[in-house]
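Engineer: sequence and predicted model, in that order:
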Amino acid sequence: MMTSKKLIYVSGPTGVGKTDISIILAKKLNTEIISCDSRQFFKELKIGTSPPSNKQLKEVNHHFIQNKSIHDTYNVGLYEKEALKTINDLFNKNDSIILVGGSGLYADSILYGIDYFPDIPFKIRDEIIKNYNLKGIGYIQDRLKFSDPDYYNEVDLKNTNRLIRALEIIEYTGNTFSSYRTNRRKKRDFESHIILIECEREKLYKRINNRVDLMLENGLEEEAYNLKDYKNLNTLDTVGYKEFFTYFENKISYEEAVEKIKQNTRNYAKRQITWNKKYSNVKKIDIGENITENINKILQK
């Protein structure tokens with residue numbers, strides 16, 4: 001494909017510094033940033049998802065940051081359509097655009113496209129979520145294992161969003177979720193380039209722990225408390241909030257909640273690292289090296 005339009009995807013585990021590097025890149029290329037961090041879409045989650053600060057948002061124009069509500073119905077298919085429209089509009093005035101975020105499936109929807117899935121009536125999804133809330137994650141894991149063992153053997157079994165999504169497809173269509181996954185790449189009218197931000201594991205974990213401490217200082221507990229009435233929403237079944245919801249129910253101590261947030265965030269980072277290994281022809285930047293020098297070298301190439 002011959003095109004002068006380039007989409008530069010800045011990837012890496014949570015807490016590694018993707019936001020800072022994407023802003024440096026955007027300034028050098030005089031362009032804008034598209035977020036593919038699925039947790040940062042929601043305007044009610046101002047602390048626990050570590051969105052760009054107001055200062056950073058003023059430095060470079062960002063899209064898909066706190067643009068949705070936790071009460072909205074939103075998924076990767078809707079994101080793909082909205083983000084591609086924004087990207088095509090931006091390419092009318094920019095030769096390069098920055099895509100940044102740690103939600104691999106959302107990034108892939110832009111880079112390669114995703115498979116088609118039918119629209120599901122709300123009542124089917126609501127019933128599955130109701131049973132999940134009553135019976136726990138083991139219930140939906142067992143249902144998926146029985147209904148679609150192929151997908152069960154490859155999906156992240158702790159990711160309730162994906163488990164519920166698969167079950168609602170199965171429930172509505174009578175077919176397995178796997179049968180809808182063709183893995184065919186869609187044609188894009190731009191070149192994609194991937195920059196992978198890396199960090200030595202021990203240093204990364206320290207960065208994650210420090211960031212959680214900063215969230216707590218900034219009021220994460222209060223933010224979670226103000227959202228506890230909506231804890232059954234799928235959008236709030238996420239790190240930083242679900243641990244505090246358990247604490248508010250007196251099931252764990254405050255100290256345990258904080259430690260679980262740190263541990264679950266580190267586990268999330270490990271899954272992101274595994275996901276990113278599938279990308280080929282990436283340009284790597286070590287966060288411990290001279291960032292500006294590395295970025296200049298990549299842009300020259």
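Structural biologist: Received the coordinates, thanks.
Engineer: domains of this protein: list them as residue ranges, please.
Structural biologist: 6-114+184-300, 122-180 (automatic domain parsing).
Engineer: hey, least reliable of those by pLDDT?
Structural biologist: Looking at the domains of the chain, the lowest mean pLDDT belongs to domain 122-180 (a mean of 91).
Engineer: return the distance of it from the chain's centre.
Structural biologist: Centroid displacement of domain 122-180 relative to its chain, using CA atoms, centre = their mean, to the nearest Å, is 20 Å.
Engineer: quick one: end-to-end length of it, please.
Structural biologist: This stretch, domain 122-180, spans 20 Å end to end (CA to CA, to the nearest Å).
Engineer: what do you get for stretch 113-127?
Structural biologist: Criterion CA to CA; first-to-last residue distance in stretch 113-127 is 29 Å.
Engineer: go through that stretch and flag the buried ones.
Structural biologist: Using 16 or more other CB atoms under 10 Å as the test for burial, stretch 113-127 gives Ile114, Phe117, Ile120, Arg125. C-beta here means a position set from N, CA and C on the backbone, and glycine is covered the same way.
Engineer: repeat that for stretch 239-259.
Structural biologist: Val239, Gly240, Tyr241, Lys242, Glu243, Phe244, Phe245, Tyr247, Ile252, Ala257, Val258.
Engineer: which one of the residues you listed sits closest to Tyr132?
Structural biologist: Nearest to Tyr132 among those is Lys242, at 12.6 Å by CB to CB.
Engineer: which residues touch the closest one?
Structural biologist: Lys231, Leu236 (CB atoms under 8 Å, 6 or more residues apart in numbering).
Engineer: and for Leu90?
Structural biologist: Applying CB under 8 Å, 6+ apart to Leu90 gives the contacts Thr31, Glu32, Ile34, Ile97.
Engineer: buried subset of those residues?
Structural biologist: Burial by neighbour count, 16+ other CB under 10 Å: within the contacts of Leu90 this picks out Thr31, Glu32, Ile34, Ile97.
Engineer: which ones among the buried residues of stretch 239-259 map onto strands?
Structural biologist: Judged by DSSP state E, strands contain none of those.
Engineer: give me the subset of those lying in helices.
Structural biologist: Among those, DSSP state H puts Lys242, Glu243, Phe244, Phe245, Tyr247, Ala257, Val258 in helices.
Engineer: quick check, pLDDT for Asn183.
Structural biologist: pLDDT, Asn183: 69.
Engineer: how close does Glu249 sit to Asp189?
Structural biologist: 50 Å (CB to CB, to the nearest Å).
Engineer: right, I mislabeled it, should have said Ile170
Structural biologist: From Ile170 to Asp189 the distance is 34 Å (CB to CB).
Engineer: could you check which of those two has the larger neighbour count?
Structural biologist: Neighbour totals were compared for Ile170 and Asp189, and Ile170 leads with 23 against 11 (other CB atoms under 10 Å).
Engineer: pretty sure that one sits against Phe146.
Structural biologist: No - here Ile170 does not reach Phe146: they are 9.9 Å apart, not a contact under CB atoms under 8 Å.
Engineer: how many neighbours does Ser103 have?
Structural biologist: Neighbours around Ser103, by other CB under 10 Å: 21.
Engineer: ok, now how distant is it from Thr49?
Structural biologist: 11 Å.
Engineer: Ile194: what secondary structure?
Structural biologist: strand (DSSP: H, G, I helix; E, B strand; the rest coil).
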